[in-house]
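Colleague: I would like the atomic coordinates for the input below:
(chains A and B)
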Amino acid sequence: DAGVIQSPRHEVTEMGQEVTLRCKPISGHNSLFWYRQTMMRGLELLIYFNNNVPIDDSGMPEDRFSAKMPNASFSTLKIQPSEPRDSAVYFCASILTGDYGYTFGSGTRLTVV
Amino acid sequence: DQQVKQNSPSLSVQEGRISILNCDYTNSMFDYFLWYKKYPAEGPTFLISISSIKDKNEDGRFTVFLNKSAKHLSLHIVPSQPGDSAVYFCAASAGGSNYKLTFGKGTLLTVNP
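Modeller: Below you'll find the predicted structure:
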C-alpha cells in the first residue's frame, strides 16, 4: 500500500481564493482525520470521519472550512474564502477502527498571501 | 486550554546516551497514550503506545512510562542514535468509541554523533 496520499504537497494562493486539499486513505481503513499544524497551536484536529460519516467537526474553525468524504477512498478539505491565518500544514490520517496508531500523509503546506 | 503539554521544545543528547522526553496531561478521561515521531517534510509516524491499565511499555530501544497519579508520561530512548533526531509528539485519547487524538506541541530531539 502506498500509504495515505495527500495532494497537493504545496499550495500557494491569494487571499480570498478557494483552496481544496485532497486525501486518499489507506485501503481498508474506515476512519479518516484532518489535522492542522501551526507553530502556535501545534497539531489540532479539524474533523473526523468514520465510515464516510462526519463524527466530530468541532475543530473546524469556522464556516469557511468544509470537509467531505464521498466514498471510502477519498476526502476533501475546502477553504473558501482563504485567509492568511489559514497558512499551515494540513495533515490527513487514517486508521482501521480499533487501532489508535494513525497513519499520516505527508501533509499539504498551505500558504495564503 | 492545552490538555496535552510538552514543556520542553527541544532536547539535545549525545549518541549512545539516554533521551528522556516528557509529557503532561490534564484531562482525567484520557486512558490511552501514544508517541509519534516526525521528520521534516513528512507526516508523524506512530512509535509506541500505552494503555492506562499499564505503567510501562517497551519496544526495543523505546520505553514509555505512565504515572497516572501525576498525569505524566515519558518516553525513554536507549541508546540514542543520530537517526532518532526528529520531533516527538505525545498524544492522548479518551478511548471508548472515540478515536480522536489530542496532541502536544512536540519536542525536537537532536542526537549528536
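Colleague: in stretch A:78-94, what counts as buried?
Modeller: For stretch A:78-94, a neighbour-count test (16 or more other CB atoms under 10 Å in any protein chain shown) marks A:79, A:82, A:86-94 as buried. For every residue, glycine as well, the C-beta is placed using N, CA and C.
Colleague: Quick check: which of those residues are also close to chain B?
Modeller: A:91, A:93 (CB under 8 Å from any CB of the partner chain).
Colleague: Tell me which entries of the buried residues of stretch A:78-94 lie within strands.
Modeller: A:79, A:88-94 (DSSP state E).
Colleague: Now tabulate these in TSV and tack on pLDDT.
Modeller: Formatted as TSV, those follow (pLDDT from 0 to 100):
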residue	pLDDT
A:Ile79	97
A:Ala88	97
A:Val89	97
A:Tyr90	98
A:Phe91	98
A:Cys92	98
A:Ala93	97
A:Ser94	96
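Colleague: Specify which member of those is nearest to chain B.
Modeller: Closest approach between those and chain B, by CB to the nearest CB: A:Phe91, at 5.5 Å.
Colleague: Show the model's pLDDT score for the closest residue to A:Asp56 other than its chain neighbours.
Modeller: With sequence-adjacent residues excluded and distances taken as CB to CB, 6 or more residues apart in numbering or on different chains, A:Asp56 is closest to A:Tyr48, at 4.7 Å. On the pLDDT scale, A:Tyr48 is placed at 94.
Colleague: From the contact counts, what lies against the one helix or strand A:Tyr48 maps to?
Modeller: Using DSSP states H and E, A:Tyr48 falls within strand A:42-50. Applying 3 or more CB pairs under 8 Å, 6 or more residues apart in numbering or on different chains; DSSP states H and E, one finds that strand A:42-50 makes contact with strand A:31-38, strand A:53-56, strand A:65-71, strand A:74-79, strand B:102-103.
Colleague: Next, format those strands as a markdown table and append distance to B:Leu11.
Modeller: Below are these laid out as a markdown table (distance: least, CB to CB, whole Å):
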| stretch | distance to B:Leu11 |
| --- | --- |
| strand A:31-38 | 20 |
| strand A:53-56 | 33 |
| strand A:65-71 | 34 |
| strand A:74-79 | 33 |
| strand B:102-103 | 18 |
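Colleague: Would you quantify the distance from the closest residue to A:Tyr102 other than its chain neighbours to A:Asp99?
Modeller: Excluding the flanking residues, the one nearest A:Tyr102 by CB to CB, 6+ apart is A:Ala93, at 4.0 Å. When distance is defined by CB to CB, to the nearest Å, A:Ala93 is 11 Å away from A:Asp99.
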